[in-house]
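this one's structure only:
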Ligand code: CUK
Ligand code: CUA
Ligand code: CA
């Protein structure tokens with residue numbers, strides 16, 4: 001069993017040095033420790049939620065995670081990029097960063113936001129230039145990752161996005177008009193019938209200036225989106241707010257935590273009550289209400305009333321069940337067998353285990369609670385190894401705790417009898433993720449702890465630190481959890497999904513039939529001029545563009561369509577136009593288009609920004625913009 005270090009450096013001596021270095025006053029530190037009742041084991045202890053953790057010496061495990069040069073990882077890990085707005089792809093177990101996929105942001109290397117199509121996707125998605133991406137969820141068929149899509153939320157602007165896993169490229173963003181702060185994003189399982197945006201911020205509905213200072217009128221909604229069309233299907237409005245969500249495995253239930261049952265507008269109000277809710281949405285009952293026209297329409301979306309006093313919640317078959325769970329719960333997650341949904345306490349040191357099938361059998365949904373194990377301070381999120389164990393991140397304790405679900409059900413509530421072991425992480429973990437954890441068949445080998453603070457773990461790089469994504473081996477129940485690797489990461493991943501390589505088949509070359517634009521081959525090059533509009537159709541390949549020179553007039557609206565006619569994988573080109581803010585990337589067999597106004601007379605060397613061959617530097621053409629007069 002992994003033990004917490006009794007003192008910062010593990011020597012049992014005074015650690016005033018560490019505390020001073022961290023700028024933490026020793027008395028404050030002791031006080032915080034006393035307040036949280038864990039003075040005896042101070043590693044990682046903090047002033048509840050806000051304090052600074054204490055560095056702990058940790059011997060790396062001896063598990064071999066290396067992937068030799070030239071060999072492939074076993075898993076893809078998709079990490080959300082937080083407020084960078086992107087998704088990152090890592091190989092596991094090497095933790096090598098393989099790719100970044102721009103989603104809500106604008107990004108030069110992938111040309112995202114620099115060609116007409118991606119601009120249109122961003123524009124249709126609300127026209128914002130950043131997003132706060134938290135929860136990447138791969139699509140599933142029959143409760144197994146199916147390699148079609150990855151979905152992700154934008155907490156900042158109330159949006160959901162879809163990434164094609166055929167091309168590792170964002171292909172749709174939907175703006176959810178009745179939702180501000182789309183936090184959770186999850187598929188309805190087993191077959192990804194809907195994607196849910198879980199609305200966190202309560203606002204008037206519609207949020208058009210009415211009820212500005214009347215918080216009782218604010219509401220938050222669960223939004224269901226069709227994964228094929230990416231159009232909203234219906235909303236369910238609820239009392240309180242919502243935070244994280246997860247789906248049952250049988251297509252019936254969806255769950256979301258609620259930390260603001262109080263309907264408060266400040267911290268004091270939001271933490272007033274001893275309990276908040278886990279909400280259980282009964283999807284067939286909601287669909288029936290939509291079919292029967294039992295909704296109001298807001299912003300062209302059917303909004304079903306799931307508040308506590310709604311007639312739809314009156315009777316034997318309520319559409320939303322409100323289950324009392326301790327103070328300000330955060331994560332909610334369903335175990336791989338689909339038997340239990342587990343809510344994590346955040347301000348309570350327990351997790352609450354609800355037996356899903358019981359929801360149908362009991363009059364009071366609180367009677368479906370079957371366990372409340374004590375796990376540690378600041379439990380946030382729970383994931384699974386497929387062997388009956390749950391792994392919960394402990395933000396305040398800076399630990400990951402492994403516990404046994406069935407044992408928790410047998411044990412007394414509010415005891416730590418179900419806890420198997422704890423491991424220190426560095427520091428203050430948010431999410432954690434295990435391989436294939438959202439499916440019905442987790443692999444139980446690797447776990448990543450996505451830690452918010454890295455403090456002293458890396459060379460200092462100024463006041464903004466990287467976050468620390470730590471790889472932990474969980475495949476050996478006898479040896480226990482073993483910390484294997486620190487990975488400094490640009491801020492700030494929240495959640496992740498680890499997908500076996502056999503579940504994804506990305507294309508190496510575009511299939512032109514998948515693209516909206518017709519390809520331009522060497523025979524198709526032309527310049528079409530009409531009424532101040534110029535359409536340049538050209539191709540690109542090593543080491544040339546379709547034209548050596550193109551001349552346009554100042555003020556012309558210019559569209560360039562360009563096809564990478566290469567068929568060999570890995571040969572990417574781009575069309576960069578200096579001083580026009582354009583860099584359109586084209587991968588093999590890809591066609592892209594860009595439209596701009598030629599408002600600056602002069603000579604512009606259109607060039608390729610990908611180093612594609614020995615004559616890459618010579619791969620350029622002139623854009624000649626003739627002055628008006
Ligand atoms: S949230 Cu960030 S640590 Cu958006 Cu899933 Cu919990
Ligand atoms: Cu094409 Cu460089
Ligand atoms: Ca609360």
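That came in fine, so what should we check first? Everything numeric in this text was worked out from a predicted model, so none of it was measured. Ligands and ions are numbered 1, 2, ... in the order given.

Return the residues in contact with whichever residue of the stretch 451-600 of the chain sits closest to ligand 2.
With C-beta to the nearest ligand atom, the shortest gap between the stretch 451-600 of the chain and ligand 2 falls at residue 573, namely 3.6 Å. C-betas here are computed from N, CA, C, even on glycine. When contacts are counted by C-beta atoms under 8 Å, 6 or more residues apart in numbering, residue 573 is found next to 540-542, 564, 566, 585-586, 608, 610, 612, 619.

try 6 Å
By C-beta atoms under 6 Å, 6 or more residues apart in numbering, the contact set of residue 573 is 540, 564, 586, 608, 610, 612.

What remains of the residues you listed if I keep only buried residues?
Buried residues within the contacts of residue 573, counting neighbours by 16 or more other C-beta atoms under 10 Å: 540, 564, 586, 608, 610, 612.

Turn the residues you listed into TSV, including secondary structure and distance to ligand 2.
Putting these into TSV (DSSP: H, G, I helix; E, B strand; the rest coil; distance: C-beta to the nearest ligand atom, whole Å) gives the following:
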residue	secondary structure	distance to ligand 2
540	strand	7
564	strand	9
586	strand	9
608	coil	3
610	coil	5
612	coil	3
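
Return the residues in contact with the residue nearest the centre of the chain.
Closest to where the C-alpha atoms of the chain average out (C-alpha atoms, centre = their mean) is residue 135, at 2.4 Å. Remark: with contacts taken as C-beta under 6 Å, 6+ apart, residue 135 is in contact with 153, 184-185, 495.

One more: residue 192?
139-140, 227.

Residue 122 now?
Under the criterion of C-beta under 6 Å, 6+ apart, the contact partners of residue 122 comprise residue 113.

Swap in 8 Å and give it another go.
Shown here is residue 122, whose contacts under the criterion C-beta under 8 Å, 6+ apart are 104, 106, 113, 128-129, 173.

Also residue 537?
Counted by C-beta under 8 Å, 6+ apart, residue 537 has contacts 520, 524-528, 546, 561.

Flag every residue of the protein that's near ligand 3.
259, 270, 276, 328 (C-beta under 5 Å from the ion).

who wins for most neighbours among those residues?
Most neighbours among the residues of the chain next to ligand 3, by other C-beta atoms under 10 Å: residue 276, with 29 neighbours.

neighbours around the residue of the chain found nearest ligand 1, how many?
Proximity to ligand 1, evaluated over the chain using C-beta to the nearest ligand atom, is greatest for residue 430 at 2.8 Å. Around residue 430 there are 21 other residues, counting by other C-beta under 10 Å.

next helix or strand past the helix or strand encompassing it?
Under DSSP states H and E, the secondary-structure element containing residue 430 is strand 429-434. Per DSSP H and E, strand 429-434 leads on to strand 446-451 as the next helix or strand towards the C-terminus.

Just want the angle from that next one to strand 429-434.
Using axes from the mean of the first three to the mean of the last three C-alpha atoms, to 10 degrees, the inter-axis angle of strand 446-451 relative to strand 429-434 is 170 degrees.

coming back round to it: in CSV: the buried ones among the contacts of residue 573, plus pLDDT.
Written out in CSV, the entries for the buried ones among the contacts of residue 573 read as follows (pLDDT from 0 to 100):
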residue, pLDDT
540, 98
564, 98
586, 98
608, 98
610, 98
612, 97
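
Return the closest of these with respect to residue 602.
In terms of C-beta to C-beta, no member of the buried ones among the contacts of residue 573 lies closer to residue 602 than residue 608, at 20.2 Å.

what's the spacing between the closest one and residue 517?
In this structure, residue 608 and residue 517 are 19 Å apart, going by C-beta to C-beta, to the nearest Å.

roughly how far is stretch 346-363 from the heart of the chain?
Per C-alpha atoms, centre = their mean, to the nearest Å, the displacement of stretch 346-363 from the mean C-alpha position of its chain is 25 Å.

Could you find the closest non-adjacent residue to the residue in the stretch 201-350 of the chain that ligand 2 sits nearest to?
When C-beta to the nearest ligand atom is the measure, the stretch 201-350 of the chain has its nearest residue to ligand 2 at residue 230, with 32.9 Å between them. Across the structure, with C-beta to C-beta, 6 or more residues apart in numbering as the measure, the residue nearest residue 230 apart from its sequence neighbours is residue 172 (4.1 Å).

where does the one you found land in three-state SS?
At residue 172 the chain is in strand, as set by DSSP: H, G, I helix; E, B strand; the rest coil.

Partner strands of the longest strand along the chain, with direction?
Using DSSP state E, we find that the single longest strand of the chain is strand 144-154. Paired neighbours of strand 144-154 in the sheet (DSSP bridges): strand 137-141 (antiparallel), strand 159-164 (antiparallel).

Now the shortest one: buried residues?
Which is strand 137-141. The neighbour-count criterion (16+ other C-beta under 10 Å) identifies 137-140 as the buried residues of strand 137-141.

for the one residue in the stretch 101-250 of the chain that gets nearest to ligand 3, helix, strand, or coil?
Of all residues in the stretch 101-250 of the chain, residue 240 sits closest to ligand 3, at 8.1 Å by C-beta to the ion. Using three-state DSSP, the secondary structure recorded for residue 240 is coil.

do you know which of the strands paired with strand 144-154 lies nearest residue 71?
It's strand 137-141; of those, that one is closest to residue 71 (C-beta to C-beta) at 23.6 Å.

show me where pLDDT drops low in the chain?
Scanning the chain for pLDDT under 70 picks out 1-61.

Near ligand 1, which residues of the protein? Just list them.
With C-beta under 6 Å from any ligand atom as the criterion, the chain meets ligand 1 at residues 134-135, 183, 244, 330, 380-381, 430-431, 494-495.
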